[in-house]
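In: Build me a model:
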Amino acid sequence: MRPVALKISNLSSPKMSSRSFPYVFLGGGNAAGYAASEFLKLQGKGSDLAIITDEPVVSYERPALSKAYLAPTSPARLPGFHSCVGGGGERQTPDWYNTNGITYLTNTKVVSVDINSKTLITSTDDVISYEEGLIIGTGARPVTLSDLRTPGDGLKGVFYLRNITTADTLVKAIQSKPAHAVVIGGGYIGLECSAMLSVNGIKTTTVFPESRVMERLLTPELAEFYESFYKSKNIEMVKDDLVTAVEGNDQGEVTGVVLKSGKKIDADMVLVGIGAKPNVELFQSKGLELLDQRPGGIKVNGQLETSVPGVYAVGDVCAFPLLAAGGTLVRQEHVTHARNSAKHAVRAMLGKSSGAEYDYHPVFFYSRVFNLSWQFYGFNEGKVVHFGDHSLGKEFGAYWVSDENKVVGVFLEGGSAEQNDAVKKVATLQPTAPGDLATQGLSFALSI
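Out: Numbers count the residues shown, from 1 in each chain. As a prediction, this is how the structure comes out:
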């Protein structure tokens, strides 16, 4: 695909060029689109902003990749899910950025950052400067088999899903009709990709070291429902085991995986979904405070400003104080956080913030696979109270009740829009739990 250098065509020429903008957003993920929309609304002058990404397209709603892009019928395709349609806003195609005077550089890789001189150097030695402010939205990248020193990462047939480019590669592989796929990882991405492979008619085995799927979120009772449902879709789950090697043939093609238990599984496709890590390498020793230990990322304050004035970080890459958790530093790899943090950082950078600190609450996760759809709000801490009938496959879930007898988290499967809004309200307000919470079930949320 040819580079798209909106408004700055000379930056893609062989000769080095230098341009300067009042404000620069580095990164092309979900956050970039929402930052652009907020910037235009507040500044009214798009020409003050440049967005830089190494991706070949402008910002899009990334969750579509695992939820709909791999579907065999009516798959999601651009321009249908460009930002900001996921948040109820306008679809921001390349023409939108051009029309509004925003410079959006695609296929542009920044290889060096100089915070002191406020300059970014690209892989083609072009220099892009920011005069007033920089927002870092470099996101995260998949943890790889190589990161874990697991042999076989370079074999043909090993895939990751993170962006449009990797999604297109995976779609082509699916269309070649592999006989058997192994998905490594029983978390969010692993489960959604397993579902998509199954829908495409591919025999699928999911392998993960935990005792149940999505162990950090789901209770054993909730996990049992999803594991049984996946089994009904002919997806085999191998729990409490670990892939120690991916094997291949003389042509460098995947032939299967080896597990820690000694078991071998034949496969001609391996999809890895074992987590992500923030892209912070550009900012090592640049004056920004980076966190080596969990949660990782670039440390920011309540305005999402880094330790360097005028430099902000948003989305997957930032470690911010979560007010609902007493200011504990967290990193949230979630689309809602990407959207909200981008808008908050723009307001702070332009001096048009009310002064209120970034308040990401309630914490939110969701998934849609097969005919299932769940949402979770708040914190999965404290005593668990289950409600509803799991056997029905809808309108069931769990409340989490703190030591102070406050309902601090809610999980709901199969809820309507009204019911999902109700559980969100519960997680936001954290009301006192009644003694008969299990009996009241979902009606408790609807009564708040």
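
In: Surely residue 382 touches residue 402?
Out: Yes: Residue 382 lies in contact with residue 402 (Cβ atoms under 8 Å); the separation is 4.4 Å. For the C-beta atoms, the positions are set from N, CA and C on the backbone; glycine is no exception.

In: residues shared between the contacts of those two?
Out: Taking Cβ atoms under 8 Å, 6 or more residues apart in numbering as the criterion, residue 382 and residue 402 both touch residue 408.

In: between those two, who's got more neighbours?
Out: Neighbour count, other Cβ atoms under 10 Å: between residue 382 and residue 402, residue 382 has more, with 18 against 15.

In: what pLDDT does the more buried one get?
Out: As predicted, residue 382 sits at a pLDDT of 96.

In: Now do the helices in the stretch 101-250 of the chain.
Out: 164-175, 188-199, 220-232 (DSSP state H, counting those that start in this stretch).

In: Out of those helices, the one nearest residue 272 is which?
Out: helix 188-199 (8.5 Å; Cβ to Cβ).

In: Specify the angle between the helix or strand of the chain with the lowest mean pLDDT and helix 220-232 in degrees.
Out: Least confident helix or strand of the chain, by mean pLDDT, DSSP states H and E, is strand 364-369 with a mean of 91. Angle of strand 364-369 versus helix 220-232, following axes from the mean of the first three to the mean of the last three Cα atoms, to 10 degrees, is 20 degrees.

In: what residue ranges in the stretch 51-200 of the chain score low on pLDDT?
Out: Within the stretch 51-200 of the chain, the set of residues satisfying pLDDT under 70 is empty.

In: can you give me the strands for it?
Out: In the stretch 51-200 of the chain, the strands defined using DSSP state E, counting those that start in this stretch lie at 103-105, 110-114, 119-122, 127-136, 140-142, 158-159, 180-184.

In: Now that we have the ones you listed, can you turn them into CSV and tack on distance to residue 407 and mean neighbour count?
Out: What follows is the strands of the stretch 51-200 of the chain, written out as CSV (distance: least, Cβ to Cβ, whole Å; neighbours: other Cβ atoms under 10 Å):
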stretch, distance to residue 407, mean neighbour count
strand 103-105, 43, 26
strand 110-114, 44, 15
strand 119-122, 46, 18
strand 127-136, 35, 21
strand 140-142, 31, 18
strand 158-159, 40, 20
strand 180-184, 34, 25
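
In: that older thread, for the following helix or strand past the least confident helix or strand of the chain, name the packing helices and strands.
Out: Moving toward the C-terminus from strand 364-369, the first helix or strand encountered (DSSP states H and E) is strand 372-378. On a contact count with 3 or more Cβ pairs under 8 Å, 6 or more residues apart in numbering; DSSP states H and E, strand 372-378 meets strand 364-369, strand 407-413, helix 417-429.

In: quick one: residue 405 and residue 432 touch, right?
Out: Yes: if you go by Cβ under 8 Å, residue 405 and residue 432 touch, sitting 5.7 Å apart.

In: ok, the two, which is more surrounded?
Out: The residue with more neighbours, out of residue 405 and residue 432, is residue 405; 14 against 10, by other Cβ under 10 Å.

In: Please list all residues in contact with that one.
Out: 432, 433.

In: What is the burial count for residue 118?
Out: 19.

In: where does it fall, phi/psi-wise?
Out: In terms of degrees, to the nearest 10, the main-chain angles of residue 118 are phi 60, psi 50.
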